[in-house]
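Enquirer: Take this sequence and fold it.
(one chain, ligands or ions: 1)
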Amino acid sequence: SVNIICCIRRNLSSSSSLRSSMPAWVIDEYGNNGVLRFTEDATAPSVNSASEVLIQVHAASLNPLDISMRSGYGSNLLKLRRDPVSLGQNGGEFPIILGRDVSGVVVDCGSGVTHFKPGDEVWAAIPPWKQGSLAEMVNLTEYEVSHKPRSLSHKEAASIPYVAATALSALVNAGGLCRNNCTNKRVLITGASGGVGTFSIQLLKAWGAHVTVTCSHNAEGLVRGLGADEVVDYTAGDMATELGLLEKFDVILDNVGGDSEQWALGLLKPWSGAKYVTLVTPFLLNIDSMGLLEGAVHSGLNLHQKAITNMCNGVFYRWGFYAPDGPALDEVSQLVDAGKILPVVEATFLFSQVPLAFQKVEGGHARGKTVVTVA
Ligand code: NDP
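Expert: The predicted structure follows:
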């Protein structure tokens, strides 16, 4: 491991911005942490189209998705998205570079890029079908990239983009919330102590909403510090009954899944446009287990049936998904620089310690984010 560390340091520091190979952590097959492999010779990306932006990675962070993708989650659909011509052929997707968040510096731009130039400090949430940020360089389209908040270090900035893009997509597109309509809105966030939750509390408070959260007892100080108005400890007893004693909610953002749907939907204000949005959906799992067509159809029918049933009870039922959105990150950047959103970095690992970072996230009980410093 000492050799690996020396090698990583040498290559990161001596790298020129436009080489054909680069240091990276890759996987060549799906599996447990043992499949993570450091290499000096990963193919370095380069700008291949007018809209692309090549970024030197300074910091990355890990999300539960990285653990799932390492084990093959979503591989059927992601394979097709990466290379539609291969029609999901086995093994063609490797080596894969994981890591969905990047904070770094632009080193090259396509001829059509208008918002960025070499030297700009940027951040982005990387779509799961693209090569990730556990590498020296990452290539994205201009639309996926945003100027990083000036007030944050790269390490702090890397903790935000993927959870921010997910929370914004879920709360705005599925939940119907925005900065102009949150006053007097009551929002419940389950699983509020993790990456998406700690970001969402702060965003919703910045937008003027009243925020109730569920989390474990030892996370109460954290979530209250981020602005949560009411905190319900899910480990303390009958959480559903306790939540049922509160005024009903306009939006529920569910970060936990499982049996939450069974008790949470009854907590919404009926016949007032209230929405339940869950981030824990069976969509990719269905496609993994049933194949593309059957999995997609099964998921569609499942969602449709739940949406109709709940509509009859006067509430909306929706699935939330991460969506790439650089302009949305611009708004987050402003909120961060205005001091309204703080990074919540629970643990930081060196680039040489990527397997340890995976181990940390895989252990669960996140209190914010796990970051990897790359350069
Ligand atoms: P994290 O792992 O960062 O956070 C999950 C948090 O939930 C932890 O703090 C955990 O702490 C807490 N928790 C676990 N069980 C419960 C419970 N029963 N009640 C309340 N809190 C609980 O995950 P993220 O915030 O990054 O993501 C949240 C979920 O959303 C994940 O399942 C993730 O896979 C999913 N997701 C989906 C996306 C999509 O596109 N659909 C995109 C991004 C995320 P503790 O166990 O100590 O209580």
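Enquirer: Could I get the contacting residues of Gly326?
Expert: Applying Cβ atoms under 8 Å, 6 or more residues apart in numbering to Gly326 gives the contacts 124, 142-146. All C-beta atoms are positioned from the backbone trio N, CA, C, and that covers glycine.
Enquirer: And the buried ones among the residues you listed, selectable in PyMOL?
Expert: In PyMOL, this line selects whichever of those come out buried by 16 or more other Cβ atoms under 10 Å:
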select buried, resi 124+142+144+145+146
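Enquirer: So which of the contacts of Gly326 belong to strands?
Expert: 124, 145-146 (DSSP state E).
Enquirer: Could you single out the nearest of the residues you listed to Gly176?
Expert: Ser146 (23.3 Å; Cβ to Cβ).
Enquirer: so what's the closest one up against?
Expert: Counting by Cβ under 8 Å, 6+ apart, Ser146 makes contact with 122-124, 161, 326-327, 329-330, 332-333.
Enquirer: go again using 6 Å as the cut-off
Expert: Taking Cβ atoms under 6 Å, 6 or more residues apart in numbering, we find Ser146 in contact with 123, 326, 329-330, 333.
Enquirer: okay, now Gly31: neighbour count?
Expert: Using other Cβ atoms under 10 Å, Gly31 has 12 neighbouring residues.
Enquirer: quick one, phi psi at it?
Expert: Dihedral pair for Gly31: phi 170, psi -160, per degrees, to the nearest 10.
Enquirer: Okay, it and the ligand: tell me how far apart.
Expert: Distance, Gly31 to the ligand, using Cβ to the nearest ligand atom, to the nearest Å: 19 Å.
Enquirer: likewise Ala50?
Expert: 29 Å.
Enquirer: Now a PyMOL select for only the buried ones of the contacts of Ser146.
Expert: This is the PyMOL syntax for the buried subset of those, where burial follows 16+ other Cβ under 10 Å:
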select buried, resi 123+326+329+333
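Enquirer: Pop out the phi and psi values for the closest residue to the ligand within the stretch 1-150 of the chain.
Expert: Relative to the ligand, the nearest point of the stretch 1-150 of the chain is Pro64 (4.0 Å; Cβ to the nearest ligand atom). Dihedral pair for Pro64: phi -50, psi -30, per degrees, to the nearest 10.
Enquirer: Would you mind naming what in this structure lies close to the ligand?
Expert: Counting by Cβ under 6 Å from any ligand atom, the residues of the chain lying close to the ligand are 63-65, 163, 166, 190-191, 193-197, 214-216, 234, 255-256, 279-281, 320-322, 364-366.
Enquirer: Please list only the buried members of the residues you listed.
Expert: 63-65, 163, 166, 190-191, 193-197, 214-215, 234, 255-256, 279-281, 320-322, 366.
Enquirer: from those, which ones fall inside helices?
Expert: Secondary structure assignment by DSSP state H places 64-65, 163, 166, 195-197 of these in helices.
Enquirer: what kind of secondary structure is Ala219 in?
Expert: Put simply, Ala219 is helix when judged by DSSP: H, G, I helix; E, B strand; the rest coil.
Enquirer: what does the model give Ala174 for pLDDT?
Expert: Confidence at Ala174, expressed as pLDDT, is 98.
Enquirer: how close does it get to Ala323?
Expert: When distance is defined by Cβ to Cβ, to the nearest Å, Ala174 is 10 Å away from Ala323.
Enquirer: Flag the shaky bits of the stretch 51-200 of the chain, pLDDT-wise.
Expert: Within the stretch 51-200 of the chain, the stretches with pLDDT under 70 are 87-89.
Enquirer: show me where this structure has helices.
Expert: 2-13, 64-70, 75-82, 154-157, 161-168, 195-206, 220-225, 239-244, 260-264, 283-290, 292-312, 326-337, 354-362.
Enquirer: contacts for the third one?
Expert: Outside of helix 75-82, the residues within contact range by Cβ under 6 Å, 6+ apart are 88, 93, 128-129, 287-288, 292.
Enquirer: quick one: buried residues of it?
Expert: Result for helix 75-82 [16+ other Cβ under 10 Å]: buried residues 75-80, 82.
Enquirer: Show me the two of those that sit farthest apart.
Expert: So, the buried residues of helix 75-82 by Cβ to Cβ: farthest apart are Asn76 and Arg82, at 11.3 Å.
Enquirer: follow-up on the earlier one: between the contacts of helix 75-82, which is nearest Arg19?
Expert: Glu93 (23.0 Å).
Enquirer: The closest one - how many residues pack around it?
Expert: Glu93, neighbours per other Cβ under 10 Å, totals 18.
Enquirer: before we move on, what about the one 3 residues further on?
Expert: Counted with other Cβ under 10 Å, residues neighbouring Ile96 total 20.
Enquirer: For the ligand, what's the nearest residue on the stretch 101-250 of the chain?
Expert: Closest point on the stretch 101-250 of the chain to the ligand, by Cβ to the nearest ligand atom, is Gly194, at 1.7 Å.
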